[in-house]
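**Student:** sequence and predicted structure, then a few things I'm wondering about:
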Amino acid sequence: MGGLDRTGGVRLRRSAVAALALSGMLAGCGLGEPKQTYEQAYEAMRPDAMAAMGEAWPGVEMEKDSGGTEECGGLDISADKDASKLSAHVTYRGNIRPGDERSLAELARAAGKGLMERGWRSGVGGRIPDEEGLKFSVRSSSRVRLQMEKPGVDGWAVVLVYADEPNDYGVSMSVSTKCLRNPAWGRGEEG
């Protein structure tokens, strides 16, 4: 090989590395993916969210609005997804009780601070800084939105406070995981 290849095998090694990376992407294995499962991420976030909601919005009956899992495994370039990876999500909604005089921002800030006390941080989606260390992704007269992240967990929580009518405020908190490994995949318990 020395007489024909004057690069000392560098081209061959580069080609092999490129082929390996390409085959990994096409196989959907995503080199360097988190080892966390969707269940682990979900269970690391949901109790904090439930506690923060209860503290921030006492007396508000929060009802589960939606939730479940979504298949997101398989080839990255394919529209056909399988249950080898799942993302989990849940949204709780409620209405602020009459007599609560807090503003939309104060209601959102209370939930965000509750999460921060549990080790969460204001998410990268925040562009509107707040004096309390939070960053709102939306802050208007009818809607306030915070995205929060828990370090070391592959997911996020979204706090949304909105005005249906003046002084008629709705609140919601959603918890979502990234597309993560499904530990039941391949054992006949796919989802």
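**Tutor:** Cool, got the structure.
**Student:** what lies in contact with stretch 43-52?
**Tutor:** Stretch 43-52 has contacts (Cβ atoms under 8 Å, 6 or more residues apart in numbering) with 90, 92, 111, 114-115, 118, 120, 150, 152-153, 155-157, 173, 175, 177. C-beta: built from backbone N, CA, C; applies to glycine.
**Student:** same question, stretch 108-119
**Tutor:** So stretch 108-119 is contacted by 48-49, 51-53, 55-57, 102, 122, 130, 132-134, 136, 144-146, 148, 150-151, 157, 159-161, 171, 173 (Cβ under 8 Å, 6+ apart).
**Student:** got the buried residues for it?
**Tutor:** Neighbour counts using 16 or more other Cβ atoms under 10 Å place Ala108, Arg109, Ala110, Ala111, Gly112, Lys113, Gly114, Leu115, Met116 of stretch 108-119 among the buried residues.
**Student:** and the furthest pair within those?
**Tutor:** Maximum pairwise distance among the buried residues of stretch 108-119 (Cβ to Cβ): 12.4 Å, between Ala108 and Met116.
**Student:** picking up where we left off before, nearest to Ala184, of the buried residues of stretch 108-119?
**Tutor:** Leu115 (29.1 Å).
**Student:** other SSEs contacting the helix or strand hosting Val159?
**Tutor:** Element membership for Val159, per DSSP states H and E: strand 155-165. Helices and strands touching strand 155-165, by 3 or more Cβ pairs under 8 Å, 6 or more residues apart in numbering; DSSP states H and E, are helix 38-56, helix 104-116, strand 143-149, strand 168-177.
**Student:** looking at these, which is nearest to Pro98?
**Tutor:** Among the helices and strands packed on strand 155-165, the nearest to Pro98 by Cβ to Cβ is strand 168-177 (8.6 Å).
**Student:** give me the contacts around the closest one.
**Tutor:** 38, 41-42, 45-46, 49, 52-53, 57, 60, 62, 65, 86-96, 100, 104, 107, 111, 154-164.
**Student:** could you give the bridge partners of the residue nearest to Leu160 when sequence neighbours are not counted?
**Tutor:** Of all residues not flanking Leu160 in the chain, Ser172 sits nearest, at 4.7 Å (Cβ to Cβ, 6 or more residues apart in numbering). Beta-bridge pairing of Ser172 under DSSP bridges involves Arg93, Leu160.
**Student:** read off the pLDDT value for Ser172.
**Tutor:** On pLDDT, Ser172 comes in at 97.
**Student:** how near is it to Ala110?
**Tutor:** Distance from Ser172 to Ala110, counting by Cβ to Cβ, to the nearest Å: 14 Å.
**Student:** equivalent analysis for Ser174, please.
**Tutor:** Ser174 is 17 Å from Ala110, by Cβ to Cβ.
**Student:** what's the neighbour count on Lys150?
**Tutor:** 21 (other Cβ atoms under 10 Å).
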